[in-house]
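Participant: What would the 3D arrangement of this be:
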Amino acid sequence: LPRDLARRAASSSSPSSSPPPLPFTMTTDADVIIIGAGAAGLTAARELRKQGINRVIVLEASSKVGGRVLHDTSLSPHALELGPEFIHGESHNQLLDLVQRGLPHKPDASLVELEWPNYYFFGKEGKLVAASEADELPEVARMHESFEALADAPAPAAEQSLLQYFAAAGVGSRALDLADAIFANDYGAVMSDVGLNEVVAEQRAWRHGEKYLVLKGACLQDAMDALAVGADVRHGWAVARVRWAGGGGGVEVSDARGRTLRAARLVVSVPLAVLQRGGIAFEPPLPPATRDAIGAVKIGNALKVVLRLRRRFWPADFYDAVCADAFMPEVWLTPAAELMGADAKPPFTIVGFVAGARADRVAALPESEVARQTLLQLDAMFGTAETPHPASGACDGYLVKNWAAQPHAFGAYSHPTLGAAGKRTALAQPVGDALYFAGEATHEGVNPCIHGAMETGERAAAAVCASLKAAGGAGACCSKGPSPRASRL
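Facilitator: You can find the predicted model right below:
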């Protein structure tokens, strides 16, 4: 959104329209209220409980926990992930730790490691090449070397896009098309919209390893359900207004139905696009630095098309292909852990994934055309003289998920943004000792993954604990029973 629109959204309640102030003292419904039962909000609730803060309420607008974790069961006997699908990295990964501790309702769940990507498709040439072979090409090797150098590079003196960086590094046009599909699409944007300063920050901060892991015998919703165990989650609660007072004065949240809850502290862990659209009015308005950060960090759209197929037509080792100059920049088997085996039975499902401005353009097409174009791309990738249209001839169903149209999300995830260096740090700062922000867009390491969101929930919970203890000690502020306490607003 334009920055001035985000600024208006964050300060949408003027002093003249504000309700009368609350009494100096008030009875609270909780020590802490958390808005949003995604990975960040649920982690914050878990960490607060660990510290003995048991009066924690999590308010969730939808009917499920997990935020942008979402799956479909209408097209396949397997759960098809419509949102996040992978566990990124084998080290220092809270999501991986959660899964490895065991999922209560899926005791047989396991993890499968995959190579990413394991094929490249050069659309202009109609050529499918194994990644191990393509990576030996000089222009592709130069592309990878240029990107890997960013982990040790100083922050650029002047902001530039990732596209400008690669071009200045001498990456040729063929590899630039591939870089747009590998790096920019994975970041959730087109390469000209990816800010180099935040890419450098992300590369420096990444400490999780390079493995791609997927669940077998479970889906990510099972992990979110496990994370929610013990939390007081209240569904159908779309917070519309937040009234807050600094100096530990407390908070009051209300929805469009007139329901109201009060607490000493508030953690806001809704998707950034909700704040950018003015979905929550803050009284008084948020500070300028927070409003500016909300407008500066950009959320990209993402679209998935899932195709149901009656038969195989891809190489036995195929899992994923990054596709240069193609309708879908990436396609993969889903769920790969279930379908890669030689004994896997139909139906098979392949997903096409596109992000950023490209996703907006694709989303403007009829869903049937999105499916048709993706099938034509698969025909070009896997067709032979004997069977030129293997995908088009095998498809008997599809679904399209456009994340820009998803209620309570309005987009996919934040991407390294031009001109946004330092803004995530500003957004992560507490406001008035009352408001604490969490969620992947507040991650100072520019980590949009589920485990990144979980880290921000942990950070917010630690800050809330420190604030409550400083205000009155653990006994006064971290009550272990249901009795109300006084606060001021």
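Participant: quick one: contacts for residue 302?
Facilitator: Contact analysis of residue 302 by C-beta atoms under 8 Å, 6 or more residues apart in numbering lists 188, 353, 354, 355, 356, 359, 403, 411, 412, 413. Using the backbone N, CA and C atoms, a C-beta is placed for each residue, glycine as well.
Participant: ok, now how distant is the first one from residue 332?
Facilitator: Just to be clear, that refers to residue 188. 16 Å (C-beta to C-beta, to the nearest Å).
Participant: Tell me where the chain is predicted with low confidence.
Facilitator: By pLDDT under 70, the low-scoring segments of the chain are 1-26, 473-489.
Participant: Could you tell me which helix of it is the longest one?
Facilitator: In the chain, with assignment by DSSP state H, the single longest helix is helix 450-477.
Participant: Check which residues of it are buried.
Facilitator: 450-461, 463-465, 467-469, 477 (16 or more other C-beta atoms under 10 Å).
Participant: now it, how far from the chain's geometric center?
Facilitator: Its chain's C-alpha centre and that of helix 450-477 lie 22 Å apart, by C-alpha atoms, centre = their mean, to the nearest Å.
Participant: Kindly report the same for stretch 176-196.
Facilitator: Relative to the centre of its chain, stretch 176-196 is centred 17 Å away, using C-alpha atoms, centre = their mean.
Participant: How about stretch 278-288?
Facilitator: Stretch 278-288 sits 23 Å away from the centroid of its parent chain (C-alpha atoms, centre = their mean).
Participant: Thought residue 177 was touching residue 120, still the case?
Facilitator: No: between residue 120 and residue 177 there is no contact under C-beta atoms under 8 Å: 10.4 Å.
Participant: Show me which of the two is the more surrounded one.
Facilitator: Using other C-beta atoms under 10 Å, the more surrounded residue of residue 120 and residue 177 is residue 120, with 22 against 19.
Participant: Residue 352 and residue 332, how far apart?
Facilitator: From residue 352 to residue 332 the distance is 9 Å (C-beta to C-beta).
Participant: by contact count, what packs against the longest helix of the chain?
Facilitator: Counting by 3 or more C-beta pairs under 8 Å, 6 or more residues apart in numbering; DSSP states H and E, the packing neighbours recorded for helix 450-477 are strand 30-35, helix 39-50, strand 87-88, helix 94-100, strand 260-268, strand 435-437.
Participant: I'd like to know which of the ones you listed is closest to residue 407.
Facilitator: Across the helices and strands packed on helix 450-477, residue 407 has its closest neighbour in strand 30-35 (15.2 Å, C-beta to C-beta).
Participant: on contacts alone, who are the packing partners of the closest one?
Facilitator: Looks like strand 30-35 contacts helix 39-50, strand 56-60, strand 250-255, strand 260-268, helix 450-477 (3+ C-beta pairs under 8 Å, 6+ apart).
Participant: Strand 260-268 and that strand, what's the angle between them?
Facilitator: 60 degrees (axes from the mean of the first three to the mean of the last three C-alpha atoms, to 10 degrees).
Participant: and strand 30-35, which strands flank it?
Facilitator: Within its sheet, strand 30-35 is paired with strand 56-60 (parallel), strand 260-268 (parallel), according to DSSP bridges.
Participant: Now do it: distance to the chain's middle.
Facilitator: On C-alpha atoms, centre = their mean, the centre of strand 30-35 falls 23 Å from that of its chain.
Participant: What residues are bridge-paired with the most centrally placed residue in the chain?
Facilitator: Nearest to the mean C-alpha position of the chain, by C-alpha atoms, centre = their mean, lies residue 413 at 4.2 Å. For residue 413, the beta-bridge partners under DSSP bridges are residue 300.
Participant: That one reaches residue 440, doesn't it?
Facilitator: Yes: applying C-beta under 8 Å, one finds residue 413 in contact with residue 440, separated by 5.9 Å.
Participant: so what sits against both of the two?
Facilitator: Counting by C-beta under 8 Å, 6+ apart, the residues touching both residue 413 and residue 440 are residue 448.
Participant: Assess the claim that residue 216 and residue 106 are in contact.
Facilitator: No: checked against C-beta under 8 Å, the pair residue 216 and residue 106 is beyond contact range at 9.9 Å.
Participant: Need the overlap of contacts for residue 120 and residue 177.
Facilitator: Shared contacts of residue 120 and residue 177 (C-beta under 8 Å, 6+ apart): residue 324.
Participant: residue boundaries of the strands in the stretch 101-250 of the chain?
Facilitator: For the stretch 101-250 of the chain, the strands defined by DSSP state E, counting those that start in this stretch occupy 110-114, 119-122, 127-130, 212-216, 232-235, 239-245, 250-255.
Participant: Run me through the strand neighbours of the second one, direction for each.
Facilitator: Read it as strand 119-122. Paired neighbours of strand 119-122 in the sheet (DSSP bridges): strand 127-130 (antiparallel), strand 320-324 (parallel).
Participant: Now do the strand or helix carrying residue 369: which elements does it pack against?
Facilitator: Assessed by DSSP states H and E, residue 369 sits inside helix 367-382. Packed against helix 367-382 by the contact rule (3+ C-beta pairs under 8 Å, 6+ apart) you find strand 302-309, strand 320-324, strand 330-333, strand 348-355, strand 395-402.
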